[in-house]
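>>> could you look at this predicted model? Sequence included:
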Amino acid sequence: MMNESINLIMAGRTKRLRRYYLVTSLLASIAIALCCTMLMLGNTIYPASDVISVLLGEKIKGASFAVGTIRFPRMVAGVLAGFAFGAAGYVFQTMLRNPLANPNVIGITAGSSAAAVFCIIVLQASNAFVSIASIIGGLLTVILIFLLSKGTSFSIGRLILIGIGIQAMLNAVISYLLLIGRQNDIPAAMRWLSGSLNGAKLDDLYPLMLTVLIFAPILILFGKQLDMLELGEQAATSLGVDTNRTRLVLIISSVLMIALATAATGPIAFVAFLSGPIAKRLAGAGFSGIIPAGLVGIILVLASDLLGQFAFTVRYPAGVITGILGAPYLIYLLISMNRKGDL
C-alpha cells in the first residue's frame, strides 16, 4: 500500500516536472523567435544571413546600421528588462502571497518614475544622471514602504495598502511636475513614462546586464525558499527557512533588477504584474516559476514592442501595449478577489 502511494507521488512529480520543462522550453523558443523577428523586421526587412553576418562583425551597407546600431540594442533592452520585470514581479507576488503585490501596484516603479521626471523637468539632467536618480528613487521608495508597513509585526495587507497610497502620492507628484515643466522637456518625460525601447544603446545597458547576470541566479538559487515562504511565516520557519534573511535577499535582488530595468526602459506597464500569473498557469505548481516568469516577461515586452511598431498606423511604445493588455486583467483580479473576500 505504501509502495503504491510512493509510486503515485513519484509519477505525479515526474508528470509535473515534464510539464515544467516543456513549458519552459516552449517559452524560451518563443522568446528566441521574437528576438530574431526584431532583428530582421523594420522599414527594411533583412534576411537571417545578413543579420548573422552583421552580428559577427561583417560590414553590410544599410544592415550594419539598422541591425547593429538600432535593432540589436533594442532587442537586448527588451530581453533584459522583460526578464527583470517578470522575475522580480513573480518574486514579490509569491513572497507576499498576493497577486496585487507587484512593483507596479505597490509603488516601486512610481518612485523610480518620480525621480526620473524630476531630473528631466526640474534639473534638465543628462540621461546617465536620470538613470542613477531612477535607481535611487526606486530603492528609497521600497525602504519607505517597508518602514511604514513594519508596525509591531510584518503584515502583507498593510504593505500593499501603504504601497498603493505611496504610488498615488508619487503619481500626483509626477502630474504636478508635468504641469509645471517646460514644453521642451515634457515630451522627453512622457516618452520615458510610457515605457519604451526606443533609442536603446548598448553602452547604457551594461549596468542592467550586469545586474541581471548577478541577481537572476541569486533569485533562482533561492527559488525553493521562496516557494516555502508562500506557505506562510510559521510553515517556512518549521521547514528550516531563515525567513528574515531569505526575504531580505529576495527583496534586495528584485528591487535592484526592477530599478535598473526601469532606468533603462522606463516603467513598462503591467509586465511584472502579468508575468507571474501567466507563468504559473502554464508551468503548473511544484517548481520555481522564476525562469518561466522571466521568459514570459521577455515575450510580453518584445511582442508588445513589435505590435506597437507594426500593427497600427501610428507607432506606440511597448508600455502602451502592455498597459492595454494588463488593465483588463487587473480589473478582473480585483473583482474575483472581492468576491472571495480577499479585499
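Alright, I've got the coordinates. Numbering: from 1, shown residues only.
>>> all contacts plus neighbour counts: C-alpha atoms, from now on.
OK.
>>> next, count neighbours for the residue lying closest to F129 once chain neighbours are set aside.
Of all residues not flanking F129 in the chain, C119 sits nearest, at 7.7 Å (C-alpha to C-alpha, 6 or more residues apart in numbering). Burial of C119 is recorded as 21 neighbouring residues (other C-alpha atoms under 10 Å).
>>> what residues does the host helix or strand of C119 touch?
Secondary-structure assignment from DSSP states H and E places C119 in helix 108-121. With contact meaning C-alpha atoms under 8 Å, 6 or more residues apart in numbering, helix 108-121 is reached by 103-104, 125-126, 129-131, 133-142, 163, 167, 170-171, 173-174, 177-178, 181-182, 185-186, 188-189, 193, 255, 258-259, 262-263, 266-267.
>>> what comes up buried for it?
108-121 (16 or more other C-alpha atoms under 10 Å).
>>> for A133, see how far away the residue nearest to F129 is.
7 Å (C-alpha to C-alpha, to the nearest Å).
>>> now swap in W192 and tell me
W192 is 13 Å from A133, by C-alpha to C-alpha.
>>> still on that earlier bit, same list (the buried residues of helix 108-121) but as CSV, adding distance to G157 and pLDDT.
Rendered in CSV, the data for those read as follows (distance: C-alpha to C-alpha, whole Å; pLDDT from 0 to 100):
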residue, distance to G157, pLDDT
I108, 16, 76
T109, 19, 80
A110, 19, 83
G111, 20, 84
S112, 23, 83
S113, 24, 84
A114, 24, 87
A115, 26, 87
A116, 28, 84
V117, 29, 86
F118, 30, 86
C119, 33, 85
I120, 34, 84
I121, 35, 85
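>>> which phi and psi values does the nearest residue to Q167 once chain neighbours are set aside adopt?
Distances taken as C-alpha to C-alpha, 6+ apart place G107 nearest to Q167, at 4.2 Å, with adjacent residues excluded. With angles defined as degrees, to the nearest 10, G107 shows backbone torsions of phi 100, psi 0.
>>> identify the residues contacting G107.
141-142, 163-164, 166-168, 170.
>>> now do 7 Å
Contacts for G107 (C-alpha atoms under 7 Å, 6 or more residues apart in numbering) come out as 163-164, 166-167.
>>> neighbour-wise, which of these leads?
Within these, G163 tops the neighbour count with 28 neighbours, counted by other C-alpha under 10 Å.
>>> pretty sure it sits against P103.
No - between G163 and P103 there is no contact under C-alpha atoms under 7 Å: 9.0 Å.
>>> below-threshold pLDDT in the protein: ranges please.
1-13, 101, 105, 151-156, 286, 334, 337-343 (pLDDT under 70).
>>> quick one: the strands in it?
With DSSP state E, there are no strands along the chain.
>>> what would the buried residues of helix 108-121 look like in CSV with distance to L159?
Shown next, in CSV, are the buried residues of helix 108-121 (distance: C-alpha to C-alpha, whole Å):
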residue, distance to L159
I108, 12
T109, 15
A110, 15
G111, 15
S112, 18
S113, 20
A114, 20
A115, 21
A116, 24
V117, 25
F118, 26
C119, 28
I120, 30
I121, 30
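>>> now, which of those sits nearest P317?
S113 (16.1 Å; C-alpha to C-alpha).
>>> in helices, which of the contacts of helix 108-121 fall?
129-131, 133-142, 163, 167, 170-171, 173-174, 177-178, 186, 188-189, 193, 255, 258-259, 262-263 (DSSP state H).
>>> report the buried members of the residues you listed.
Looking at these with 16+ other C-alpha under 10 Å, the buried ones turn out to be 129-131, 133-139, 141-142, 163, 167, 170-171, 173-174, 177-178, 186, 189, 193, 255, 258-259, 262-263.
>>> okay, which residue is most central for this structure?
The centroid of the chain falls nearest to F85 when counting by C-alpha atoms, centre = their mean (0.9 Å).
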